[in-house]
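> Pasting the sequence and the predicted coordinates here, then a few questions.
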Amino acid sequence: MATVRIPSPMRRYTNGERQVIVSAGTLAGAIDELNRRFPGLSERLLDGDGNLHHFVNVFIDEHDVRLLQGLATPLGEQSEVSIIPAMAGGAARTQRAPRGG
Amino acid sequence: MPVERLRCRECGAEVQPGPVYVCERCFGPLEAYYDLNALRALPLKSRIEAGPQSIWRYVDLLPAAYDAAVDLSPGMTPLVPAPRLGKALGLRRLYIKNDSVNPTWSFKDRNVALGTAAARSFGYEVLACASTGNLANSVAAHAARAGMRACVFVPAGIERGKILASAIYGPTVVEVDGSYDEVNRLCAEIGEEHHWAFLNVNMRPYYSEGGKTLAFEIAEQLGWRIPSDVIIPIASGNLLVKIHRGFQELAAVGLIEAESSPAIHGAQPRGCAPVSTAFKAGTDAILPVRPETIAHSLAIGNPADGRYAIAAVKSSGGVIEDVSDEEVVEGITLLAQTEGIFTETAGGVTVAVLRTLAEAGSVDPDGVTVACITGMGLKTYEAVADAIQPSVRIKPTLRAFEDAVLVHTS
């Protein structure tokens, strides 16, 4: 059961909850789970291609997920997920998987 | 004037000005916008020229009202002709915008003045920031002036001069075991839980507008004309973006010719050059790096405004370049020994990149070039300690003087 810390600009989507416990095993799964409980939340995190917005930084146990495995990064039982606006710590685009063509 | 509205840079949603910094719709960054049509109708030039010798002469184009209780009078720093440096670089009309003479000796006072005025208007009692040093110095000084509490967070291991130049004003200085990017993340998390004004996080829509005043001053000091080229160091990229916007706003309100924009060039140290690397690769996808450079004030591995900086440089016809730490030291000594200005490592990066651009023909050798020197050298004297000529020690006799000194100076 990982803990996701919800930043204040997103709390209106979580009925004011500051922390949400999720059972998913990856970051992508956690975002799916959040979106089932709080519809609309995944659009705040993901762009039309399903990648993290370049102006949103996500950290798992203090590590930037772009330096881990991105959305596929596994979550442990004690993992803490932080969602942080990019102006506080960078605006790098998530690396995209190569596309065909 | 109070800013008219905040607008999301990503989705364009607009909100009323307030202590917010993130778009609630898409989570993008909010930025201040003004009623430029109303401003165009004002006698702006005479209002500015009748104003104080500080950034507050541009109050009509700034997001906070003047607040005497926090004013340390930043800005209106000298724009000095640099003929000897220009000759060394092959540039006929080079100027130095010497921002090392601000109240806490860096350009950050421009930002902090606005952010502090906004923070007080929103009722905050504690000023805070994540900083590589200069911002912390400025926040600590402004808090002292305003009688507010300050708590500044810096990465452990920055220059002692920068620690001391914060501590003297009496804030709590917190050295964090980690990189600047980690300090910044921590501060964002603290700001979520505690009602503190983090100048470069939750006050950012107001704070960041200070960079525009560099463009305003350069244009005014050139007689309401723009230079052909401007060189700006890149850390988060915000200063470059805001100087570019400053020139755009001057054109929009009719203070300079509408179509004119200087070529905006960016400068990074090679040991922390994520923006330069992306620019040269022809992409705006910036990959974070772990900084390894003596230019600590530019050591942001995950630059928040990097993409916007690349867009500004491209649209203005400029380039972004990076230089080695050895070249940074050469840049510091070259500026000091040709123009008598002792800058910190960020200024060394700027001068060294300007040299590279001049050699490559990327700046107009006959145009007006302005190099932005953003901070002063004593804060980072360690960087040049090994590069300077040692002093000559003698006995107090004429003979010793003639034997040991005259040979050096004749």
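In hand now; what should we look at? For clarity, every value in this text was computed on a predicted model and none was experimentally measured.
> What residues does chain B have near chain A?
For chain B, the residues found near chain A under the criterion Cβ under 8 Å from any Cβ of the partner chain are B:10, B:20-24, B:26-29, B:130, B:181-182, B:184-185, B:187-189, B:191-192, B:198, B:200-201, B:204, B:274, B:284-288, B:300-308. For the C-beta atoms, the positions are set from N, CA and C on the backbone; glycine is no exception.
> What about the residues you listed, which are in helices?
B:181-182, B:184-185, B:187-189, B:191-192, B:204, B:274, B:306-308 (DSSP state H).
> Need the max-distance pair from these.
Pairwise distances across those (Cβ to Cβ) peak at 25.7 Å, for the pair B:Glu192 and B:Pro274.
> Now do the strands in the stretch 201-350 of chain B.
In the stretch 201-350 of chain B, the strands defined using DSSP state E, counting those that start in this stretch lie at B:229-233, B:263-269, B:320-323.
> To clarify, my last question referred to the stretch 1-150 of chain B.
When secondary structure is read from DSSP E, counting those that start in this stretch, the stretch 1-150 of chain B shows strands at B:5-8, B:14-15, B:30-33, B:79-81, B:93-98, B:126-130, B:149-155.
> Do you know the pLDDT at the residue most central in space within chain A?
To find the centre residue of chain A, average its C-alpha atoms and take the closest one (Cα atoms, centre = their mean): that gives A:Val58, at 5.2 Å. Reading off the confidence values, A:Val58 has pLDDT 92.
> Could you do the one 3 residues further on as well?
In the prediction, the pLDDT value recorded for A:Asp61 is 92.
> Test my guess that it contacts A:Glu77.
No. Using Cβ atoms under 8 Å, A:Asp61 is not in contact with A:Glu77, being 11.7 Å away.
> Between these two, point out the one with more neighbours.
A:Asp61 (14 against 7; other Cβ atoms under 10 Å in any protein chain shown).
> ok so, going back, for the residue nearest to the centre of chain A, phi and psi?
Backbone dihedrals for A:Val58, given as degrees, to the nearest 10, come out at phi -120, psi 130.
> Can you tell me the number of residues neighbouring the spatially closest residue to it that is not a sequence neighbour?
Closest residue to A:Val58 apart from its sequence neighbours, by Cβ to Cβ, 6 or more residues apart in numbering or on different chains: A:Val65 at 4.8 Å. By other Cβ under 10 Å, 18 other residues sit near A:Val65.
> ditto for B:Ala65
Around B:Ala65 sit 12 other residues, with neighbours defined as other Cβ under 10 Å.
> quick one: it from B:Gln337, how far?
From B:Ala65 over to B:Gln337 the distance is 43 Å, taken as Cβ to Cβ, to the nearest Å.
> One more: B:Ala117?
Taking Cβ to Cβ as the measure, B:Ala117 and B:Gln337 are separated by 39 Å.
> again, but for B:Thr380
When B:Thr380 is compared with B:Gln337 (using Cβ to Cβ), they lie 17 Å apart.
> neighbour-wise, which of the two wins?
Remark: of B:Thr380 and B:Gln337, B:Thr380 carries more neighbours, 28 against 14, as counted by other Cβ under 10 Å.
> can you confirm that one is in a helix?
Yes. Using DSSP: H, G, I helix; E, B strand; the rest coil, the secondary structure at B:Thr380 is a helix.
> Who are the contact partners of it?
B:Thr380 makes contact with B:Glu159, B:Gly161, B:Lys162, B:Ile294, B:His296, B:Ser297, B:Glu344, B:Thr345 under the criterion Cβ atoms under 8 Å, 6 or more residues apart in numbering or on different chains.
> one more time with 10 Å
Applying Cβ atoms under 10 Å, 6 or more residues apart in numbering or on different chains, one finds that B:Thr380 lies in contact with B:133-134, B:158-162, B:294-297, B:332, B:343-348.
> for the chain, which spans come out with low pLDDT?
Picked chain A for this. Segments of chain A classed as low confidence (criterion: pLDDT under 70) are A:87-101.
> The chain in question should be chain B.
Residues of chain B that meet the criterion pLDDT under 70 lie in B:1-3, B:410.
> how deep is the residue of it found nearest chain A tucked in, by neighbour count?
Proximity of chain B to chain A (Cβ to the nearest Cβ) peaks at B:Asn302, 2.7 Å away. Summarising burial for B:Asn302: neighbours were counted as other Cβ under 10 Å, giving 28.
> ok, now which ones touch it?
Residues A:57, A:64, A:66-67, A:86, A:89-92, B:179-182, B:184-185, B:236, B:274, B:286-291 are the ones in contact with B:Asn302 under the rule Cβ under 10 Å, 6+ apart.
> just checking, what packs against the helix ranked longest in chain A?
As far as residue count goes, and with DSSP H defining each element, the longest helix of chain A is helix A:27-37. The criterion is 3 or more Cβ pairs under 10 Å, 6 or more residues apart in numbering or on different chains; DSSP states H and E, and the helices and strands that helix A:27-37 contacts are strand A:2-5, strand A:19-22, helix A:41-45, strand A:56-60, strand A:80-85.
> Tell me the buried residues in the longest one?
By neighbour count, and taking 16 or more other Cβ atoms under 10 Å in any protein chain shown as the criterion, the buried residues in strand A:80-85 are A:Val81, A:Ser82, A:Ile83, A:Ile84, A:Pro85.
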